[in-house]
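Trainee: following is a predicted model, sequence given first.
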Amino acid sequence: MDEKDHEILRILEDNSRLSAQEIGMMTCLTAVETEARIHALETAGVIRKYTAVINWELAGNGEVSSIIELKVSPERDYGYDRIAERLSRFRQVKSLRLMTGTYDLQLLVTGRNMQEVSRFVSEHVAPMDRIRETATHIIMKSYKENGNILFEQQEAERLPYSF
Amino acid sequence: MRNFISECARTIPPSGIRKFFDLALTMEDVISLGVGEPDFRTPWNICESSIYSIEQGITSYTPNKGLPVLREVLSNYLKQHYGLTYNADDEIIITSGVSEALDIAIRAIVDPGDEVIIAQPSYVSYAPCVTLAGGKPVPVECTESDKFRLNPDALQEKITPKTKALMINFPNNPTGAVMNRKDLEAIADIVTDNDLLLVTDEVYAELTYEGSHIAAATVGDLWERTITLNGFSKAYAMTGWRVGYLCAPKDLCETILKIHQYVMLCAPVMGQVGALEALRSAEEDKNNMVNEYRLRRNMFVAGLNRIGLSTHIPEGAFYAFPTVKGTGLSDTEFAERLLKEQRVAVVPGSVFGVGGESHLRCAYAVSRKQLNEALARMEMLLNSL
């Protein structure tokens, strides 16, 4: 990993649809070199996946997302790892993080509607061993995701020329 | 009725080629590479701190020199980033942009008949500022073969007994040229040997892509005979805030402050509050913007060279300066046809003085998508010639 790799990662994080040639032009590499570096980053597991940031509200699929906070009793020898890994396997769990503060695990869970989310939490998550407490927060509206602002912003009028 | 216009004002040429630019305003779907300002919004923490200060009623005059805390933080910043030592109390003045700083600096040093050598191509206001102060601007050409750096021999040739000062701007608008320490040392010797003053506009200092910026006042014995100008517009995307600053040894600074007091009183307080926040906690925003400019530069310059507009790699600022030699058109003709036929606006290099002719200034402070589209349109024009 060197500075060029970092540069490629930043470019891809912003727009993963750029071609190796375009990325190469920005980083002063040939398309072949860029391709090789990206391949190496994929193989090393640094790049996990290429995805899109979607404003689902506009797409109108009506999905419900929620943040679920869990208080968990850690296990001897394993801490939070085993239960976190187990929770991660659920398709409904989109993100899972261990947190400092008043609770331990934070889950981002999506479902087709509120009932589905609530059923998932009450039937699958809450009854699990070692889970002491759950708090479910339904996301009402998303304004920013992964550094991307989702609401319309007014474009400032620029002068066509200045010296 | 008498003609009330002063002789001096009459002789100043109008800025650039206004008529041609007005045309761009009336056209639709124009990609403008003509704007010398960042396309980013001001980082939100800067805006927020300024908004909050207004809510708190911080809306009055500040001390003439600027908010003491801003000068204090700035003084530390200059020391840390550039090794520049300017005392916050009496060697820094916060101004309304570098434009004001330039004006008051020149007025403080120029007597009628004094010559000020200006390294060109240069920003368009340098020469008129000298003229308005009663001085005589003397351009010295920075050539493409010198990578648009100031050549010491060329400078030496322009010096006469009337020469008072040298005015430079690196990283340079419009060429993107940068002077490294060795280049500046050669200039420092000449400036010192001829007992000249140096006025250095370093507003693009933060936009240096290879290595780090060398502040002229840190070279040789230049500090005691240098006025350093800089500002927040370019690095922090704060062009409309109008905050710049001027640094100079105490005696010079005191004199310049008199002029600042009379013509400006102080820089706008909300701008100063924003500038303070910029220095304190917008480093990462700034670095992200600089990084993005670097990527665009690499991409755009490679693209220009590919379509046949030979372009040196600009080491700083956000301008590419391709040559149109070999197209059979002058820079103005090329820019006009590019605008009318392909709806891409660039600035003809001759606007920036000697050495600018046969070049175009293309600001790459627009999105990558627009840069690619601009390149495609420029290629179409080239193919039709």
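Mentor: In hand now; what should we look at? Numbering: from 1, shown residues only, chains lettered A, B, ... in the order given.
Trainee: surely B:Lys164 forms part of a strand?
Mentor: Yes. Counting by DSSP: H, G, I helix; E, B strand; the rest coil, B:Lys164 is part of a strand.
Trainee: list the contacts for it?
Mentor: By Cβ atoms under 8 Å, 6 or more residues apart in numbering or on different chains, B:Lys164 lies in contact with B:109-111, B:114-116, B:135, B:196-197. The C-beta positions use only the backbone N, C-alpha and C, and glycine is treated the same way.
Trainee: ok, and the closest non-adjacent residue to the closest residue to chain A within the stretch 201-350 of chain B?
Mentor: Of the residues in the stretch 201-350 of chain B, the one nearest chain A is B:Leu295, at a distance of 4.0 Å by Cβ to the nearest Cβ. Leaving aside its chain neighbours, B:Leu295 sits nearest to A:Met26 (4.0 Å; criterion: Cβ to Cβ, 6 or more residues apart in numbering or on different chains).
Trainee: hang on, isn't that neighbour packed against B:Phe300?
Mentor: No. Counting by Cβ atoms under 8 Å, A:Met26 does not reach B:Phe300; the two are 9.3 Å apart.
Trainee: what is B:Ile93 paired to in the beta sheet?
Mentor: Taking DSSP bridges as the rule, B:Ile93 bridges to B:Leu246.
Trainee: touching, it and B:Lys250? I think so.
Mentor: No. B:Ile93 is beyond contact range of B:Lys250, at 11.6 Å (criterion: Cβ under 8 Å).
Trainee: which one of the two is surrounded by more residues?
Mentor: For B:Ile93 versus B:Lys250, the count of surrounding residues by other Cβ atoms under 10 Å in any protein chain shown is larger for B:Ile93: 28 against 12.
Trainee: quick one: that one from chain A, how far?
Mentor: 24 Å (Cβ to the nearest Cβ, to the nearest Å).
Trainee: pLDDT wise, what is B:Phe20 at?
Mentor: We have a pLDDT of 68 for B:Phe20.
Trainee: meant to ask about A:Ile54, not that
Mentor: 82.
Trainee: skip the chain neighbours and tell me the closest residue to the residue nearest the centre of chain A.
Mentor: Closest residue to the average C-alpha location of chain A: A:Ser95 at 6.3 Å, with Cα atoms, centre = their mean. Leaving aside its chain neighbours, A:Ser95 sits nearest to A:Leu108 (4.0 Å; criterion: Cβ to Cβ, 6+ apart).
Trainee: tell me the secondary structure at the residue nearest to the centre of chain A.
Mentor: strand.
Trainee: how about it, what does it touch?
Mentor: So A:Ser95 contacts A:106-108 (Cβ under 8 Å, 6+ apart).
Trainee: from chain B, how far off is it?
Mentor: 24 Å.
Trainee: pLDDT at that residue, what is it?
Mentor: 96.
Trainee: can you pull out the strands in chain A?
Mentor: Along chain A, counting by DSSP state E, strands occupy A:64-72, A:93-98, A:105-111, A:131-138, A:144-145, A:148-149.
Trainee: sec struct for the residue nearest to B:Glu315 when sequence neighbours are not counted, please.
Mentor: Nearest residue to B:Glu315 in three dimensions, chain neighbours excluded: B:Val178, at 3.9 Å (Cβ to Cβ, 6+ apart). Of the three states, B:Val178 takes coil under three-state DSSP.
Trainee: check contacts around B:Val178.
Mentor: B:Val178 touches B:149, B:170-172, B:208, B:210, B:213, B:315-316, counting by Cβ under 8 Å, 6+ apart.
Trainee: I'd like those residues laid out as CSV, including neighbour count, distance to A:Ile67 and pLDDT.
Mentor: Listed next are the contacts of B:Val178 as CSV, based on neighbours: other Cβ atoms under 10 Å in any protein chain shown; distance: Cβ to Cβ, whole Å; pLDDT from 0 to 100:
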residue, neighbour count, distance to A:Ile67, pLDDT
B:Arg149, 22, 56, 98
B:Phe170, 30, 51, 98
B:Pro171, 26, 46, 98
B:Asn172, 29, 51, 98
B:Thr208, 19, 43, 97
B:Glu210, 10, 45, 91
B:His213, 19, 45, 97
B:Glu315, 23, 47, 97
B:Gly316, 26, 45, 97
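Trainee: quick one: contacts of the helix or strand of chain A with the lowest mean pLDDT?
Mentor: Least confident helix or strand, chain A: helix A:56-59 with a mean of 80, by mean pLDDT, DSSP states H and E. Residues from elsewhere that reach helix A:56-59, judged by Cβ under 8 Å, 6+ apart: A:63, A:141-142, A:150.
Trainee: just the residues you listed now: which is nearest chain B?
Mentor: A:Leu150 (15.7 Å).
Trainee: for burial, what's the neighbour tally of the closest residue to the closest one other than its chain neighbours?
Mentor: Leaving aside its sequence neighbours, A:Leu150 sits nearest to A:Asn55 (Cβ to Cβ, 6+ apart; 5.0 Å). Neighbourhood size, A:Asn55 [other Cβ under 10 Å]: 12.
Trainee: do you know how far A:Asn55 is from A:His39?
Mentor: Distance of A:Asn55 to A:His39, computed by Cβ to Cβ, to the nearest Å: 31 Å.
Trainee: please apply the same query to B:Arg296.
Mentor: 25 Å.
Trainee: and if you look at B:Leu371?
Mentor: Distance from B:Leu371 to A:His39, by Cβ to Cβ: 27 Å.
Trainee: between the two, who's got more neighbours?
Mentor: When B:Leu371 and A:His39 are compared for neighbours, B:Leu371 comes out ahead with 22 against 12, by other Cβ under 10 Å.
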